[in-house]
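Novice: next comes the sequence, and after it the predicted model I'd like to discuss.
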Amino acid sequence: MPINASELTAQQQITAIYVAYYDRAPDPAGLQFWVDQLEGGRSLEQIASDFSSAAETIAKYPFFDAPELASADNFIT
């Protein structure tokens, strides 16, 4: 079932991004950083895009740094 992000709190929205990218809950400092970004005017789409260039993302999903490595078996759906 799709999540309607507009019905979630800022903390829930950021947590959803962490779960989607890393299959884990955010650490408290990271959560607060991104909540502050969201509440400061950065869009949820911009924040989700920011995650794609994070070191943790590149380590887990190398194709974000090297798109030629992408395949149907290793892409976030």
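Specialist: Now that the structure is in, tell me what you want to look at.

Novice: residues in contact with residue 37?
Specialist: Contact analysis of residue 37 by CB atoms under 8 Å, 6 or more residues apart in numbering lists residue 47. Bear in mind the C-beta positions are built from the backbone N, C-alpha and C, glycine included.

Novice: from residue 41, how far out is residue 27?
Specialist: According to CB to CB, to the nearest Å, residue 27 and residue 41 sit 23 Å apart.

Novice: between these two, who's got more neighbours?
Specialist: Comparing residue 27 with residue 41 by neighbour count (other CB atoms under 10 Å), the higher total belongs to residue 27, at 10 against 7.

Novice: and the more buried one, how far from residue 65?
Specialist: Taking CB to CB, one finds residue 27 at 23 Å from residue 65.

Novice: and for residue 8?
Specialist: 29 Å.

Novice: cool, and residue 9?
Specialist: 32 Å.

Novice: of these two, which one has the most company?
Specialist: residue 65 (13 against 10).

Novice: thought residue 58 was touching that one, still the case?
Specialist: Yes. Between residue 65 and residue 58 there is a contact at 4.6 Å, judged by CB atoms under 8 Å.

Novice: three-state assignment of the residue nearest in space to the middle of the chain?
Specialist: By CA atoms, centre = their mean, the chain has its centre lying nearest to residue 17, at 3.5 Å. What DSSP: H, G, I helix; E, B strand; the rest coil gives for residue 17 is helix.
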